[in-house]
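what would the 3D arrangement of this be:
(chains A and B)
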Amino acid sequence: MKKTAGVTGLFHDPDQVLKAAAEIRRAGYRKFDFHTPYPLHGLDDAMGVKRTVLPWISLGAGIVGAAVATHLQWWTGAVDYPLVIGGKPLFAFEPSIPIIFELTVLFSAIATVVGMFALNGLPRWFSKWQDDPHFVRSMDDAFVVTVDADDAQYDAGKTRTLLESLGAEQVREVEYEDQ
Amino acid sequence: MKNVTDRHRQDSWDVEGGGSLAVSPDEIREPLFEGTPGLRDVTETVSGVVEGKPTKLWYATITLTSGLAAWGILTILYTVVTGIGVWGNNQPIGWAWDITNFVFWIGIGHAGTLISAILFLFRQKWRTAINRAAEAMTIFAVICALIFPIIHTGRPWVAVYWLLPLPNQMEMWVNFRSPLLWDVFAVSTYFTVSAMFWYVGLVPDMATLRNRAKNVFVKRIWTFVSLGWTGANRHWHRYEKAYLILAGISTPLVLSVHTIVSFDFAVSVIPGWHTTIFPPYFVAGAIFSGFGMVLTLMILARKLLNLEQFITRKHIENMNKVLMATGLMVGYAYGMEFFIAWYSGNPYERFVFINRAFGPYSWAYWTMVTCNVFIPQLFWFKNIRRNLIITWVISIFVNIGMWFERFVIIATSLHRDFLPSSWGYFIPTWVDVSIFAGTVGLFLTLFLLFAKYIPVLAISEVKGILPGSQPSHTHH
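Numbering: from 1, shown residues only, chains lettered A, B, ... in the order given. Below is the predicted model of the structure:
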């Protein structure tokens, strides 16, 4: 069954993109996005993208990493198989630092990468826009605006007019095959 | 040369599209590109390499390098089946080429993370042209490095109990107080984080290739590996944050890895190893050797893959400056080691250093000093820093010099130990040479595969720094 994905259009000038983003937001749209070949500075603010919680995930995972490393070294050396080596204490903080540091970084890095993709809803090998030629160009040399059909403000005619008035080229409605 | 530079500078001032190219004073400097490439030029140049057919030269080279790698693997099998007695290691030189090669390869890997993480935090835009290839080298170099400690254990099939925190048949654990174990954690963390960092950078570029692919099968592969990246700005927002966090945590990581490698030596009580200068000295040497290798391969790749527009003489010059700075640090460390050996008043310490420079291994010591300290002084001259052929030759000397540095540290400190009756001399066997040559073959084979099948430039990052690619009010 064919379904409407929404309206899309092309931009070429980064300044126009920023202006358009602010205007679309001001018009009350929330489910819209810009597909760009590289991140544009300032677009997050113009679109009103909320700051991501990702840094907290990284921090949390780092703390878990440090705790795991400390526990591993203390438990194996002082609890599970206590063995006096060179008359030294069974557990000491100083020689444990390198492994605590490494596992902090390791856990934090894995959580950052996995968390980033998960928050983005990736991997997902299907996008409503994927067959549209605009989308194909958005990874090359154009900035592509997409307004979702399920946005509360969406109205095929009005949305198209708005995008055109903001300078978008080749504005059109896109359909996709619902799966 | 000057005229060409001036002309390009003039080009980048030409304003198109109503002031989106406003030039701020700090941009009046040599541009990072030759000419004025557009967004599409970046896509075409980089994708062209991946989508085109491999050249005859590529086939010829990879045949040679993979042959070398195969020979290396055969000799590794021979070593494992027979025992490490087939190497030249002896008493007192229990660590020889195995550990030399390990440290050598790990060091090569340091340029990639320096470029991708530290230069990112310092907002060095020129890094975007070389970070992808340098990060690839990091991963391949660490793979080569990991081979050596594993086969050096002699019985790699039980090495898992010595390297990982798994209780053995006596329910004993690994010794967490040993720097060798710290090293396992440092190197494996480094490998994992570098590989993830590299992959995250690749995702948008692989999505570009996916969108361009004509062949259904090829498209399916790119679709799978690019994880369905759409380039949506809400995704870029988290992506950029993730990249920044990764850069932030990789910066202390890259410094920690060679620090911990140096602990393998510095925490022991062998004269010549037991010094506090080792961590910074090893890190500087690692970056020095890494940049040497990046220059060796990138000067060739830039020519063969027609990347001159994006990797300019300015990039080469910047890398040469890093090479010089780290080379001077290494030279300072060589001098300071001697001073401390004398100043310590410890006769064993003094003996080791005098023996290092004037004993049986003096040929290796002076090879090291010549390659690492004397030859890079040529980079004080600007026209030498910008000369590709001379730079390439010097980078080869740096590679050789840094291999010798590790050999000198290991062999000269061990070969004349406390009892003159047990003094010895290390001579490599054909197996030692074959395994090392095999890792060189493996490294080059992986690099050739990378250069052909994976985008060699970070497409999205290069696009993001093209003149006029960013909105004017945030342009800085």
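
all helices for chain A, in order.
All helices of chain A, identified by DSSP state H, fall at A:14-26, A:43-47, A:54-74, A:97-119, A:133-137, A:156-165.

next one: phi and psi at the closest residue to B:G83 other than its chain neighbours?
Counting by C-beta to C-beta, 6 or more residues apart in numbering or on different chains, B:G154 is the residue found nearest to B:G83 once chain neighbours are left out, at 6.4 Å. (Each C-beta comes from the backbone N, C-alpha and C, glycine too.) Backbone torsions for B:G154, taken as degrees, to the nearest 10, come to phi 90, psi -40.

tell me the spacing between B:G154 and B:N89.
In this structure, B:G154 lies at 10 Å from B:N89, with C-beta to C-beta, to the nearest Å as the measure.

so between these two, which is more surrounded?
B:N89 (20 against 12; other C-beta atoms under 10 Å in any protein chain shown).

what residues are up against the more buried one?
For B:N89, the contact set (C-beta atoms under 8 Å, 6 or more residues apart in numbering or on different chains) comprises B:95-98, B:426.

what sits closest to the residue most central in space within chain A if chain neighbours are left out?
By C-alpha atoms, centre = their mean, chain A has its centre lying nearest to A:N120, at 4.3 Å. Excluding the flanking residues, the one nearest A:N120 by C-beta to C-beta, 6+ apart is B:H235, at 4.5 Å.

can you check the pLDDT for that neighbour?
Residue-level confidence at B:H235 comes out at 90, pLDDT.

that one belongs to a helix?
Yes: under the criterion used here (DSSP: H, G, I helix; E, B strand; the rest coil), B:H235 sits inside a helix.

tell me, how many neighbours does it end up with?
Around B:H235 there are 23 other residues, counting by other C-beta under 10 Å.

over to B:V81?
Applying other C-beta under 10 Å, we find 8 other residues in the vicinity of B:V81.

helix or strand next in line after the host helix or strand of it, which one?
Using DSSP states H and E, B:V81 maps to helix B:56-82. Scanning forward in sequence from helix B:56-82, with DSSP H and E defining helices and strands, the next element found is helix B:97-108.

give me the helices and strands touching that following helix, please.
In terms of contacts (3 or more C-beta pairs under 8 Å, 6 or more residues apart in numbering or on different chains; DSSP states H and E), helix B:97-108 is packed against helix B:131-152, helix B:233-266, helix B:278-304, helix B:388-407, helix B:430-453.

show me which positions of the last one end up buried.
In terms of neighbour count (16 or more other C-beta atoms under 10 Å in any protein chain shown), helix B:430-453 has its buried residues at B:431-432, B:434-436, B:438-452.

which neighbouring elements make contact with it?
Helix B:430-453 packs on helix B:39-51, helix B:56-82, helix B:97-108, helix B:131-152, going by 3+ C-beta pairs under 8 Å, 6+ apart.

any idea of the mean pLDDT for it?
So the average pLDDT for helix B:430-453 ends up being 93.

who's in contact with the next helix or strand after it?
Using DSSP H and E, the helix or strand that follows helix B:430-453 in sequence is helix B:459-464. The set of residues external to helix B:459-464 that reach it, using C-beta under 8 Å, 6+ apart, is A:37-39, B:39, B:42-43, B:46-47, B:128-129, B:131, B:201, B:204-205, B:208, B:310, B:469-470.

in ChimeraX, select just the buried ones from these.
The following ChimeraX command selects only the buried members of the contacts of helix B:459-464, with burial defined by 16+ other C-beta under 10 Å:
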select /A:37,38,39 /B:39,42,43,46,47,128,129,131,201,204,205,208,310,469,470
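
returning to what we had before: can you name every helix or strand that the helix holding B:V81 contacts?
Under the contact definition 3+ C-beta pairs under 8 Å, 6+ apart, helix B:56-82 sits against helix B:131-152, helix B:430-453.

and stretch B:195-208, what's buried?
Neighbour-count burial for stretch B:195-208, counted by 16+ other C-beta under 10 Å, picks out B:196-198, B:200-208.

ok, so of these, who is nearest B:Y332?
Minimum distance to B:Y332 across the buried residues of stretch B:195-208 is 30.4 Å, recorded for B:F197 (C-beta to C-beta).

is it correct that that closest one is in contact with B:F120?
No: using C-beta atoms under 8 Å, B:F197 makes no contact with B:F120, being 10.0 Å away.

residues contacting the residue nearest to A:N120?
Contacts here follow C-beta under 8 Å, 6+ apart; on that basis B:H235 touches A:120, A:122, B:229.

and the first one, what's its pLDDT?
For A:N120, the pLDDT comes out at 89.

quick one, phi/psi of it?
Note on A:N120: backbone dihedrals following degrees, to the nearest 10 are phi -80, psi 0.

wait, what's in contact with it?
With contact taken as C-beta under 8 Å, 6+ apart, A:N120 is in contact with B:234-235, B:238-239.

can you count the residues close to B:I299?
Here the count is done by other C-beta under 10 Å, and B:I299 has 18 residues near it.

how much space is there between it and chain A?
Shown here: B:I299 relative to chain A, a distance of 27 Å by C-beta to the nearest C-beta, to the nearest Å.

check contacts around the nearest residue to that residue once chain neighbours are set aside.
The shortest distance from B:I299 to any residue other than its chain neighbours is 4.8 Å, reached at B:W392 (C-beta to C-beta, 6+ apart). If you count contacts by C-beta under 8 Å, 6+ apart, B:W392 has them with B:295-296, B:299-300.
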